[in-house]
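> Below are the sequence and a predicted model for it; my questions follow.
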Amino acid sequence: MHYRQDMPIKLQTLRVSVVDQLYAALRMAIIDNALNPGTQISEAEVALQYGTSRQPVREAFISLANEGLLEIRPQRGTFVAKISLQSVMDARFVREAVEADIVKLLAQTPDAALVADLRAQIVCQQQLVGGSARDFMEADEVFHRTLAEGAGKGKAWRVVVEMKAQMDRVRFLSSMHFPVDRLIDQHRTVVDAIALSDLATAEHAMRHHLQGILTDLPVIKQERPEYFL
C-alpha cells in the first residue's frame, strides 16, 4: 500500500473519535486517488501509519465498504473499490434534484448575509486556481453545504453526502483534468441569480453546473479505464 507524502501520518488529538478521523482520512485518500482503485490495504499497515490499534481501522473499513469505497473480500483482503458508473449517475440525479430546489428556495427570499458569504467563498475559490485539486474540492464542498444550510436543508445535504462518494471521485479527477475557472463561474452565476430573486436562472444554473459531469465522465473513463467497473 502506497501513500502520498501529503497524507497525514498521525491522527490529530481532537474530540472526534479515532474511527471518525480514520474514516475521513481514508475516504479522502480514496476520493483524491492517493489510494487508487484496486489498491490492497491492510488493517495492520493503516494502524501503523496512523499510530492506532487495529480495531478502529476495522470499523472505518466497514463504514467505507458500506459506502462502496472499499471491497472486503474474505480470505483475500481489502481493496479500494473501482468507481461504479451506476452509483455516479444515481448520485448526480439525486443531487441535482435536491440542489435545484435548494437554490430556488434561497432565491425566493434572498439573504444578504448569505449572499455576501457565498461571494466571499467564490473569491477564495478563485485564489485556489492552479493549486491543489484537493483544496478546491474542499472549498467546493463548503460552498454547496452553505447553500443547503442557508435554505434550512442541512439534513437533505447530509443525505446527498452519504451517497455521492463515487461522484466525488469523478469530480476530483475532473478538477485535475479541466479548468476549475469554469466551475467557479458557474458558482458565481448561481449566487447572482439568488441575489436577484431569479428562481428560474438559479435553478437552471445549478442543474447546468451539476450536469457537467455527464460531459466530463466519458473523457475521464477513456483516460483511466482501469479506475472503473
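Structure received.
> Tell me which other helices or strands the host helix or strand of Val103 touches.
Counting by DSSP states H and E, the element that carries Val103 is helix 85-108. Counting contacts by 3 or more CB pairs under 8 Å, 6 or more residues apart in numbering; DSSP states H and E, helix 85-108 is packed against helix 133-150, helix 154-163, helix 165-177, helix 180-195, helix 199-223. All C-beta spots, glycine's among them, are computed from the backbone N, C-alpha and C.
> For the helix or strand just after it, list every residue counted as buried.
The helix or strand immediately downstream of helix 85-108 is helix 112-127, counting by DSSP H and E. Residues of helix 112-127 classed as buried by neighbour count (16 or more other CB atoms under 10 Å): Leu114, Val115, Leu118, Gln121, Ile122, Gln125.
> packing partners for helix 112-127?
Packed on helix 112-127, when contacts are counted by 3+ CB pairs under 8 Å, 6+ apart, are helix 133-150, helix 180-195.
> Taking helix 133-150 as reference, get the angle to the last one.
Using axes from the mean of the first three to the mean of the last three CA atoms, to 10 degrees, the direction of helix 180-195 lies 10 degrees away from that of helix 133-150.
> got the angle for helix 180-195 vs helix 85-108?
Orientation note: helix 180-195 sits at an angle of 40 degrees relative to helix 85-108 (the same axes, to 10 degrees).
> what's helix 180-195 in contact with?
Surrounding helix 180-195, the residues in contact under the criterion CB atoms under 8 Å, 6 or more residues apart in numbering are 103, 106-107, 110, 115, 118-119, 121-122, 125-126, 128-129, 136, 140, 143, 147, 175, 199, 201-202, 205-206, 208-209, 212.
> if we can go back for a sec, I'd like to know which of the helices and strands packed on helix 85-108 has the weakest mean confidence.
Of all the helices and strands packed on helix 85-108, the minimum mean pLDDT falls on helix 165-177 (a mean of 86).
> Pull the distance from that helix to the chain's centre.
Once both centres are worked out by CA atoms, centre = their mean, to the nearest Å, helix 165-177 turns out to sit 8 Å from its chain's centre.
> buried set for that helix?
In terms of neighbour count (16+ other CB under 10 Å), helix 165-177 has its buried residues at Ala165, Gln166, Met167, Asp168, Arg169, Val170, Arg171, Phe172, Leu173, Ser174, Ser175, Met176.
> Perfect, that will be all.
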